[in-house]
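**Q** One predicted model, sequence on top.
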Amino acid sequence: MASARTILALAVSFAALGAPALAQEHETPSPPMNKWSFAGPFGKFDRAQLQRGFKVYREVCQVCHGLKLVAFRTLADPGGPGFTTAQATAIAAEYQVKGEPDDQGEVKDRPGRLADVFPPPFPNDQAARARYNAVPPDLSVIAKARGYERGFPRWVGDMFTQYQEQGVDYLTALMEGYKDTPPAGVTIPPGSFYNEYFPGHAIAMPQPLTDKRVDYTDGAPMTVEQYAKDISAFLMWTAEPHLEARKRIGMQVFIFLIVLSVLLYFTKKKVWHAVELHPEELKPRPPTEYPRA
Amino acid sequence: MSGHPTYQPQSAFMRWMERRLPIAGLVYSSFVVYPTPRNLNYWWTFGGVLAFMLGVQIVTGIVLAMHYMPHVDFAFDSVEQIMRDVNYGWLLRYLHSNGASMFFLAAYIHMFRGMYYGSYKDPREVLWILGVILLLLMIMTGFMGYVLPWGQMSFWAATVITNLFSAIPLVGESVVTWLWGGYAVGNPTLNRFYSLHYLLPFVIVGVVVLHIWALHVAGQNNPAGIEPKTEHDTVAFTPYATIKDSFFLAVFCILLAWFVFYIPNFLGHPDNYIPANPAVTPTHIVPEWYYLPFYAILRAIPNKLLGVMALGASILILAFLPWLDTSKVRSAHYRPLYRQFFWVFVVVCIGLGWLGSKPPEGNYVLFARIFTVYYFAYFLVILPLLGKIEKTKPLPNSISESVLRAGKPIGAPAPPPAGAKA
C-alpha cells in the first residue's frame, strides 16, 4: 500500500513540525485528573459529596457568586444532592428573594419558595465591580464553561475514555492553585492573586478556601483538597442536573442499538446470501414475487 | 433502467388512488424495485444516513423551537431552561447539537466517497452540483444554529463570519450593516438568524428531493465505476439496499448515541457556556470542528479580501470538479496515481482542520499555507493533468465480473431469495 505509506510519512513529519509550537503553549500546567464518581458510562453523583459541596457553596462562594439558573426545588430532584422536599423548602426559606408587587404596588423581599431560583448576590454587574473590582461569574454552568487544552493526542483518547471532566478538574486545581508568593520573575498586578492554574496567573478572586473553614459533620476531612473536590462536584451537578438520567438512559439506548445492529446484521447476511453465492443469477425482483408468510 | 416491473395496485382503493395520484407507484419504482448496483460497499450507505440525520435535526429542532427564545436577553437562559426544565430537553438539545456534527461527518464521508469513486462524472454532474449546493446550505444552517445559544463563541463567531463580508470592496461595510440589521451583532441579528435557521432546513429538504431525483435518473455509481449493463449487475433496492442501509444506520446511531449520552460537550467549546458578552473577546475564536478546514484556508492568506475569496473558492471549486477531473475512468480502484493524490488530499483536509483549531502563528501558518496550496492544486493542477498522463488499470467487463470471486461456482441455479423460505 503505497498510499498508506505516503499518509504515514506525511502524518509523522507534520506531527514533528507541529510539536515545538505546541510545547510553547503550555506555560500553565494541566490540572491533575481526579477520580469522580460521576465519570464514565455508569457515573452517579455522590449524594454526600454534593451536600458537602453545597455547604461549601453556602458558606464560602455564595457571598460573591450566584446560581441564577438553579431552582431550590431541584435540590430535591432525583439525581441531585438528595435533599428531601421538606429540607429543600427549609433551605429556600432561608433566602430572601425579590417578591411580587402587593396590592399597594410595593415590592418587598420575601422568604424563598421551592419554585424560586437562588437570588443573585449583587443587584447588577456595576454593583459587583464597584465592590470587588471585577464581576464574579455566575456558577450555574461554570463546570461546563471552564476547561483546559488537552492537546493532541490526548483529546483523541478522551473520545474513547469519555473524559468530560476538564471543567471540574480545572475548578479543583484552581481552588488549590494559590501561592502566597509568585515564582521569581512573575509580577502580579495589585488587587490580584497568583494562581498556578489560572490562565495568565493573575486572578482577582482571593484564595477562597482554607483548612477547617467549613465544618463537615460526616467525618470527611476538612481540608482545602476535600473542599475543592466537593464544591467542584456540586457545581458539576448544577451545570448538568440530569447527568445521571442521561447516562442511565444512554446505557439502555446502547444495549438496544447493539441488539438491533446485530439482528439487522444477520438479517442483511441472510438477504444477501443468495447474491453472494450466485451473483450472476440475481435479477431485480419485486417483493410481490415473494410468497407471503 | 428499463424492464423492471411496475406497480400493480392490489386493492380497489389503491387502484382508485393510483389513477388520481400515483404516489404509491412512485415509491414503488424509486424505493422498491429501483435497481442498485450489486457491488455497492458500505461507503454507499451514507446517503441514507444523511437523510436520517436531516430528519433527526428537523424533528428535534422543531421541538426545541417551541421552548427557545430568540432574544439577546433570554436566548442563553432559555437554552439552559431547555436543559433543566423541559422534559428530556437535555436529550433534544444534545441530539440536535451533536446531530449537527454527525450530519457533517456523514456529509464529508459521502463527499470523499464520491471523489474516490468518481461519482461526479458524466452523467452525474448535476447530481454532484446539487450536493455542493446542499453542503453550502448545511454550512449556512449550521453556522446560524451555532449562534442561537448566544454564548461567547456564538456571539464572536457571528461577529467574525459576518465581518468577512466587509472585505467586499466599496459596499462591504453596508452589506455587513444590512446583515446585522444594525451597527453591531445584536438582537436583530439573532432574530433573523433564528428565522433563517428554521427556514433553511426545509430548503435543504427541497434540494435533497432534487438530489435523489437526479440520482434516480442517472442511477448510482458503484465501486467499479462502470455502468450496469445487464440485470445481473443490479439488485432490487428492496430488500437488498434497504436492509444494508438499515444495518449501517443502526451502527451509525451507536456513534451518535456515544456522543449524545456520554460525551455531549466533547465537540463543543467551553466558552459557549459563558453568556455572550460584546465587551470581552475570547482568547481564541474557533468555529465548530466541521468548519475548521475552511477557517484554516481563510487565515492562511494574509490579505483579508483574498482570504475570503479563497474561503469561498474552496467550496465553490467543488462544483467544477466534474470538468476539472479529465480522466475517463471513474473509480480510483483503477487509477493507481490518482488514488495516492486522493489520500494525500484527505490528509490535507484533516490537517487543515487541525490547523484551523490552532492560533494563526509560527509553524501553524506555514503548514496552513502549504496545505492550502495543495488543496487548490489538487483541483486545478493535479486532477486536470492526471487524466492526461495516468496509465489506468484495465476495467472489468461488467459489475458482475468485478464482484466474482475466484473459485466460486458460477452458473448454478440461484436458490430462491431468503424471504421465500419464511
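**A** Yep, that arrived. Numbering: from 1, shown residues only, chains lettered A, B, ... in the order given.
**Q** Got the phi and psi for B:Gly182?
**A** phi 170, psi -160 (degrees, to the nearest 10).
**Q** show me the contacts for the residue nearest to it when sequence neighbours are not counted.
**A** Spatial nearest neighbour of B:Gly182, chain neighbours left out: B:Pro188 (5.3 Å); criterion: CB to CB, 6 or more residues apart in numbering or on different chains. C-betas here are computed from N, CA, C, even on glycine. Residues in contact with B:Pro188 (CB atoms under 8 Å, 6 or more residues apart in numbering or on different chains) are B:180-182.
**Q** remind me which residues of the stretch 1-150 of chain B are low pLDDT?
**A** B:1-4 (pLDDT under 70).
**Q** Can you pull the residues of it lying near chain A?
**A** Contact residues, the stretch 1-150 of chain B versus chain A (CB under 8 Å from any CB of the partner chain): B:4-5, B:8, B:32-33, B:35, B:38, B:77, B:80-81, B:83-84, B:90-91, B:94.
**Q** one more time with 7 Å, if that's ok
**A** Counting by CB under 7 Å from any CB of the partner chain, the stretch 1-150 of chain B comes close to chain A at B:4-5, B:32-33, B:35, B:38, B:77, B:80, B:84, B:90.
**Q** Filter the contacts of B:Pro188 down to just the buried residues.
**A** B:Trp180 (16 or more other CB atoms under 10 Å in any protein chain shown).
**Q** Return the member of the contacts of B:Pro188 nearest to chain A.
**A** Distance to chain A, by CB to the nearest CB, is smallest for B:Gly182 among the contacts of B:Pro188, at 22.5 Å.
**Q** I'd like to know which elements the helix or strand hosting B:Gly61 is packed against.
**A** In the assignment (DSSP states H and E), B:Gly61 maps to helix B:46-67. Where contact means 3 or more CB pairs under 7 Å, 6 or more residues apart in numbering or on different chains; DSSP states H and E, helix B:46-67 is packed against helix B:75-84, helix B:89-116, helix B:187-218, helix B:242-257.
**Q** thinking again about what came up before, what's the most distant pair in the residues of the stretch 1-150 of chain B next to chain A?
**A** Of all pairs drawn from the residues of the stretch 1-150 of chain B next to chain A, the one with the longest distance (CB to CB) is B:Pro5 and B:Asp77, at 58.0 Å.
**Q** Also compute the angle for the helix holding B:Gly61 relative to helix B:89-116, please.
**A** In terms of direction (axes from the mean of the first three to the mean of the last three CA atoms, to 10 degrees), helix B:46-67 departs from helix B:89-116 by 150 degrees.
**Q** List the buried residues for helix B:46-67?
**A** Quick answer for helix B:46-67 (16+ other CB under 10 Å): B:46-54, B:56-58, B:60-61, B:63-64.
**Q** near chain B, which residues of the stretch 101-250 of chain A?
**A** Going by CB under 7 Å from any CB, the residues of the stretch 101-250 of chain A near chain B are A:141, A:144-147, A:158-159, A:162, A:164, A:167, A:241-242, A:246-247, A:249-250.
**Q** Weed out the non-buried ones from those residues.
**A** Using 16+ other CB under 10 Å, the buried ones in those are A:141, A:144-147, A:158, A:162, A:164, A:167, A:241-242, A:246-247, A:249-250.
**Q** If we only consider those residues, which is nearest to chain B?
**A** Closest to chain B, out of all of those and judged by CB to the nearest CB, is A:Gly250, at 2.6 Å.
**Q** For the stretch 151-293 of chain A, which segments are assigned as helices?
**A** A:154-161, A:166-176, A:224-239, A:243-277 (DSSP state H, counting those that start in this stretch).
**Q** so who does the closest residue to chain A within the stretch 201-350 of chain B touch?
**A** Among all residues of the stretch 201-350 of chain B, B:Phe261 sits closest to chain A, at 2.6 Å; criterion: CB to the nearest CB. Residues near B:Phe261 by CB atoms under 7 Å, 6 or more residues apart in numbering or on different chains: A:246-247, A:249-250, A:253.
**Q** do that again at 10 Å, thanks
**A** A:41, A:162, A:245-254, B:91, B:94-95, B:98 (CB atoms under 10 Å, 6 or more residues apart in numbering or on different chains).
**Q** One more: A:Pro190?
**A** Here A:Pro190 is in contact with A:Asn133 (CB under 10 Å, 6+ apart).
**Q** Check the contact between A:Met236 and A:Gly79; I expect there is one.
**A** No: with contact defined as CB atoms under 10 Å, A:Met236 does not count as touching A:Gly79 (11.8 Å).
**Q** shared neighbours, those two?
**A** Joint contacts of A:Met236 and A:Gly79 (CB under 10 Å, 6+ apart) are A:38, A:45, A:50, A:243.
**Q** Adding neighbour count and distance to A:Glu27, write the residues you listed out as TSV.
**A** Below are the shared contacts of A:Met236 and A:Gly79 laid out as TSV (neighbours: other CB atoms under 10 Å in any protein chain shown; distance: CB to CB, whole Å):
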residue	neighbour count	distance to A:Glu27
A:Phe38	22	30
A:Phe45	23	34
A:Leu50	25	34
A:Leu243	20	32
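**Q** Now stretch B:293-306: buried residues?
**A** B:293-301.
**Q** That one: end-to-end distance?
**A** Taking CA to CA, to the nearest Å, stretch B:293-306 runs 16 Å from one end to the other.
**Q** looking at it, B:Leu200 is touching B:Gly142, isn't it?
**A** Yes: B:Leu200 lies in contact with B:Gly142 (CB under 10 Å); the separation is 9.5 Å.
**Q** More neighbours: which of those two?
**A** B:Gly142 (20 against 17; other CB atoms under 10 Å in any protein chain shown).
**Q** Enumerate every residue touching that one.
**A** With CB under 10 Å, 6+ apart, B:Gly142 has these contacts: B:57, B:100-101, B:103-104, B:197, B:200, B:287-288, B:290-291.
**Q** repeat that for 6 Å
**A** Residues counted as contacts of B:Gly142 (CB atoms under 6 Å, 6 or more residues apart in numbering or on different chains) are B:Ala100.
**Q** Using CSV, write down the CA coordinates of the one helix or strand it maps to.
**A** For B:Gly142, the host element (DSSP H and E) is helix B:125-147. Only the C-alpha atoms of helix B:125-147 are listed here, as CSV (Å, rounded to 0.1, in the frame of the first residue of the first chain):
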residue,chain,number,x,y,z
GLU,B,125,-22.6,16.3,-12.9
VAL,B,126,-25.9,17.8,-11.8
LEU,B,127,-26.3,15.3,-9.1
TRP,B,128,-22.9,16.3,-7.7
ILE,B,129,-23.6,20.1,-8.1
LEU,B,130,-26.8,19.7,-6.2
GLY,B,131,-24.7,18.0,-3.5
VAL,B,132,-22.4,21.0,-3.4
ILE,B,133,-25.4,23.3,-3.0
LEU,B,134,-26.6,21.1,-0.1
LEU,B,135,-23.2,21.5,1.5
LEU,B,136,-23.4,25.3,1.2
LEU,B,137,-26.9,25.2,2.7
MET,B,138,-25.7,23.0,5.5
ILE,B,139,-22.8,25.3,6.3
MET,B,140,-25.2,28.3,6.4
THR,B,141,-27.7,26.5,8.6
GLY,B,142,-25.1,25.1,10.9
PHE,B,143,-23.5,28.4,11.4
MET,B,144,-26.7,30.2,12.2
GLY,B,145,-27.7,27.4,14.6
TYR,B,146,-24.4,27.8,16.4
VAL,B,147,-25.2,31.4,17.0
